[in-house]
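[1] predicted model, plus sequence, below.
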Amino acid sequence: MKYDLDYVFVDVETSSLSVETGEIIELAAIRTNRKGKVLKAWGSRVAFNGKIDEETKKVNHYDPLDWDGAPLLRHGIEFLRDAMVTGYEEKYIVVAHFADFDRAFIREACKSINVEDPFIGRAWLDTAQIAWPLVHSGALATRSLDALAQFFGVVNERPHTAMGDVETLMRTYWIMIRRMSGAVAVGETAIRMAENSEIVKRGLRYLGI
């Protein structure tokens with residue numbers, strides 16, 4: 001059975017890693033169909049109170065001038081909803097890397113400005129969870145997006161920006177899923193071949209199976 005779902009890939013950049021002390025400074029999202037075709041992409045910085053922790057400032061190469069004229073958070077959330085949800089069917093899931101982080105910041109932002117969460121009621125898929133088997137096998141040292149993207153040969157042209165990260169997430173996800181689907185198909189073929197093998201059948205009969 002195939003599920004005819006769209007996918008909305010989301011990334012947020014924040015002024016701190018803590019939802020209690022930080023706020024959203026960038027939002028980006030890409031919507032694709034179930035075959036990976038991009039339907040819509042949107043991203044923007046959003047105005048915030050200017051407080052940013054030193055680690056975030058260093059990683060993001062923060063320059064206050066880059067935020068001049070950025071839309072208010074309220075408008076950023078509305079633009080995100082209009083770009084990713086309005087005019088589309090509701091058959092979609094949200095995809096993020098370490099999804100609890102993005103989900104918490106979006107939820108708290110919406111509560112703080114009294115607007116509806118654009119993804120309320122949607123299922124969220126966390127690609128960091130999908131990465132666990134690769135960590136267990138030793139193929140990855142960490143579940144970071146950078147490590148996962150590098151493993152699948154995806155280069156992030158704009159690291160530590162919302163649009164750069166969400167593009168990388170989308171490309172990595174579709175490569176990963178297609179390889180997984182191929183592996184499943186190969187495995188199913190091998191099983192069918194084995195089931196049709198006279199040697200296997202004789203062995204199963206010998207074991208009384």
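    Happy to help now that I have it.
[2] R34: how many residues sit nearby?
    By other Cβ atoms under 10 Å, the residues close to R34 number 14. The C-beta positions use only the backbone N, C-alpha and C, and glycine is treated the same way.
[3] separation between the residue nearest to the spatial centre of the chain and R103?
    Central residue of the chain (Cα atoms, centre = their mean): A96, 2.5 Å from the mean position. Distance of A96 to R103, computed by Cβ to Cβ, to the nearest Å: 7 Å.
[4] shared neighbours, the two?
    Counting by Cβ atoms under 8 Å, 6 or more residues apart in numbering, the residues touching both A96 and R103 are W124.
[5] follow-up on the earlier one: which ones are touching the residue nearest to the residue nearest to the centre of the chain when sequence neighbours are not counted?
    Of all residues not flanking A96 in the chain, D102 sits nearest, at 4.3 Å (Cβ to Cβ, 6 or more residues apart in numbering). Listed by Cβ under 8 Å, 6+ apart, the contact partners of D102 are V10, D11, V12, A96.
[6] what about the helices in this protein?
    Ranges of helices in the chain, per DSSP state H, are 54-60, 73-84, 99-113, 127-130, 132-136, 145-151, 162-195, 198-206.
[7] which one of those lies closest to E26?
    Checking the helices of the chain against E26 by Cβ to Cβ gives helix 162-195 as the closest, at 3.8 Å.
[8] what count of nearby residues applies to L73?
    Burial of L73 is recorded as 20 neighbouring residues (other Cβ under 10 Å).
[9] how near is the nearest residue to it once chain neighbours are set aside to S137?
    Counting by Cβ to Cβ, 6+ apart, L73 lies nearest to V46, which is 4.9 Å off, once chain neighbours are set aside. Taking Cβ to Cβ as the measure, V46 falls 39 Å from S137.
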